[in-house]
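Undergrad: What follows is a predicted protein model with its sequence.
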Amino acid sequence: MSASSKDHDLPIGASELISAPFSRRALLAGAGGLGAASLLGQLNVEGAHAATPATLRWANWSLYLDYDNRTKKYPTLEAFIKKTKIPTKYMEVIDDNDSFTAKVQPQLKLKKDIGYDIVTMTEWMAARWLASGFVQKFDDAAVPNKKNVLSFLETRPFDPGRHYSLPWAGIIAGFAWNKSKHPKGIHSIEQLFAKENKGKVEVLSEMRDTIGLVMLWQGTDISKPFTEAKFMNAIDYVTKMIHDGFIRQVKGQSYQEDLISGDATAVIGWSGDINQLNLQNSNQFGFAIPDSGGTFSTDNLMIPSTSPNKLSAEKLINYYYDPVVAAKVANYITYVCPVNGAQAAMEKINPAQVHNPLIFPDDKMWKNLKVFRGLTPAEMIKFSTAFQKASGNG
């Protein structure tokens, strides 16, 4: 996405985006300071409720904010604290949309403080929070930088005008592999499930990504209306690959650990994860959007209805939509940056990342990405049940 692409719309039916649930786990504790940071985040879970109202409390996924291994701090967050004098506790406590929501939903229903002033939920779950009345409306005057959000993400079906949510990062799902085992890379489902990969393949436990990629390979446009039969055809294929021993496991973000250990040599995974793994493991892994297409979704910042620190939360959210700040975060997390102007700002931060299509997708990449269409409540139940059964969890 070029710096001048404010008027460029995602040409894949982005208005239908209700993204897949994303399970994320911290990297191995041995992964340098990052592992320590993730562990600290987990240890802060119980302490979240003890935070004083004056302290801004942000719940996020692991490896999702710029981090300095030397100082063991988050540079952009430290700059925010210094600038605003707002004490902020950053907690890497979200490893799954469902489990996190289940943990805080009872308090939300009782209108009691859940211990967080900002949460970062994947769009499909963000839609549920908003529909349930669990989110506070922004004072748009307090978040003037929302004007910097990329045009195709400025409004969403669940949040027209973005008055309750703003996209933190865009997520691309595709194929990843161990370069030493697959020097030519993996670019198709046929290559992923080649005979030599039997027992060494892992796929995501996120239905819309794994099934979405298979459906795209089978010729179904997942961003447009499709029949139940089309979906079940993909379920049948994944079931067969599991039964025949090609897929060793269906996993969340912990597939990273198996790539590192060598237990898995090829996976359906997320672009940002692979970039992070390469930083820690000497660029051992490759990533590609399948020839038949990849999936795209977003995680979103929201202020819970029970937060007593709305003004401080709005200041932090506004801060992260400054293009220079957004570029600093994107340079580290290497997920798709949703902030217009960040690509130009990257010129001074890290010129090598300016044309990284996994951070700033170009037109060619956008045309090869699809967003899984919204599901009706009945479809959600039926499709999720079928996927869980195929995965061995039903």
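TA: That came through fine.
Undergrad: Mind listing what's buried along stretch 240-260?
TA: Within stretch 240-260, the residues that qualify as buried are 241-242, 246-260, counting by 16 or more other C-beta atoms under 10 Å. Just so you know, the C-beta spots here come from the backbone N, C-alpha and C atoms, and that holds for glycine as well.
Undergrad: Show the average pLDDT along the helix or strand harbouring residue 301.
TA: Residue 301 is located in strand 294-302, with elements delineated by DSSP states H and E. Averaging pLDDT along strand 294-302 gives 95.
Undergrad: Put the alpha carbons of that strand into CSV.
TA: As requested, the backbone C-alpha atoms of strand 294-302 are provided in CSV (Å, rounded to 0.1, in the frame of the first residue of the first chain):
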residue,chain,number,x,y,z
GLY,A,294,-4.6,-15.8,0.9
THR,A,295,-6.8,-14.4,3.6
PHE,A,296,-6.8,-11.0,5.3
SER,A,297,-8.3,-9.8,8.6
THR,A,298,-7.7,-7.2,11.3
ASP,A,299,-7.3,-6.9,15.1
ASN,A,300,-8.9,-3.8,16.6
LEU,A,301,-8.5,-1.4,19.6
MET,A,302,-11.6,-0.8,21.7
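Undergrad: Return the distance of it from the chain's centre.
TA: 5 Å (C-alpha atoms, centre = their mean, to the nearest Å).
Undergrad: Who are the packing partners of that strand?
TA: If contacts are counted by 3 or more C-beta pairs under 8 Å, 6 or more residues apart in numbering; DSSP states H and E, strand 294-302 sits against strand 119-122, helix 123-131, strand 166-178, helix 207-217, strand 369-370.
Undergrad: So what are the sheet partners of it and their directions?
TA: For strand 294-302, the paired strands and their directions (DSSP bridges) are strand 119-122 (antiparallel), strand 166-178 (antiparallel), strand 369-370 (parallel).
Undergrad: could you check the angle helix 123-131 makes with that strand?
TA: Counting by axes from the mean of the first three to the mean of the last three C-alpha atoms, to 10 degrees, strand 294-302 lies at 30 degrees to helix 123-131.
Undergrad: Could you give the average pLDDT over whatever helix or strand comes next after strand 294-302?
TA: Counting by DSSP H and E, the next helix or strand C-terminal to strand 294-302 is helix 310-319. For helix 310-319, the mean per-residue pLDDT is 98.
Undergrad: quick one: contacts of helix 310-319?
TA: By C-beta atoms under 8 Å, 6 or more residues apart in numbering, the surrounding residues in contact with helix 310-319 are 56, 58, 80, 83-84, 86, 88, 117-118, 136, 138-139, 142-146, 166, 301, 303, 307, 325.
Undergrad: at 6 Å instead, please
TA: Residues outside helix 310-319 that contact it (C-beta atoms under 6 Å, 6 or more residues apart in numbering): 56, 80, 84, 86, 117, 118, 136, 142, 143, 145, 301, 303.
Undergrad: Buried residues, that helix. List them.
TA: 310, 312, 313, 314, 315, 316, 317, 318, 319.
Undergrad: Restricting to C-alpha, output that helix in CSV.
TA: What follows is helix 310-319, C-alpha atoms only, in CSV (Å, rounded to 0.1, in the frame of the first residue of the first chain):
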residue,chain,number,x,y,z
LYS,A,310,-11.7,6.5,28.8
LEU,A,311,-9.9,9.9,28.3
SER,A,312,-6.5,8.3,28.8
ALA,A,313,-7.4,5.4,26.6
GLU,A,314,-8.4,7.8,23.8
LYS,A,315,-5.1,9.6,24.1
LEU,A,316,-3.1,6.4,23.7
ILE,A,317,-5.2,5.3,20.8
ASN,A,318,-4.8,8.6,19.1
TYR,A,319,-1.0,8.4,19.6
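Undergrad: what distance separates that helix from the centre of its chain?
TA: Offset of helix 310-319 from its chain centre (C-alpha atoms, centre = their mean): 21 Å.
Undergrad: Beyond it, next helix or strand please.
TA: Counting by DSSP H and E, the next helix or strand C-terminal to helix 310-319 is helix 323-333.
Undergrad: could you give the angle of the following helix or strand past that following helix to helix 323-333?
TA: For helix 323-333, the succeeding helix or strand toward the C-terminus, using DSSP H and E, is helix 342-349. Going by the same axes, to 10 degrees, helix 342-349 is angled at 80 degrees with respect to helix 323-333.
Undergrad: what's helix 342-349 packed up against?
TA: helix 323-333 (3 or more C-beta pairs under 6 Å, 6 or more residues apart in numbering; DSSP states H and E).
Undergrad: Identify the residues contacting residue 177.
TA: Applying C-beta under 6 Å, 6+ apart, the residues near residue 177 are 186, 266, 286.
Undergrad: again with residue 179
TA: Listed by C-beta under 6 Å, 6+ apart, the contact set of residue 179 reads 284, 286.
Undergrad: With distance to residue 383 and mean pLDDT as added columns, please give the helices and strands packed on strand 294-302 in TSV.
TA: Listed next are the helices and strands packed on strand 294-302 as TSV, based on distance: least, C-beta to C-beta, whole Å; pLDDT from 0 to 100:
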stretch	distance to residue 383	mean pLDDT
strand 119-122	16	95
helix 123-131	12	91
strand 166-178	17	96
helix 207-217	7	96
strand 369-370	16	94
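Undergrad: May I see the strands paired with strand 294-302 organised as CSV, with distance to residue 128 added?
TA: Formatted as CSV, those follow (distance: least, C-beta to C-beta, whole Å):
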stretch, distance to residue 128
strand 119-122, 8
strand 166-178, 17
strand 369-370, 22
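Undergrad: show me where pLDDT drops low in the stretch 1-150 of the chain?
TA: Scanning the stretch 1-150 of the chain for pLDDT under 70 picks out 1-53.
Undergrad: all strands for it, in order.
TA: 56-60, 88-92, 119-122 (DSSP state E, counting those that start in this stretch).
Undergrad: Pick the most buried one from these.
TA: For these, the largest average neighbour count (mean count of other C-beta atoms under 10 Å) is found in strand 119-122, namely a mean of 27.
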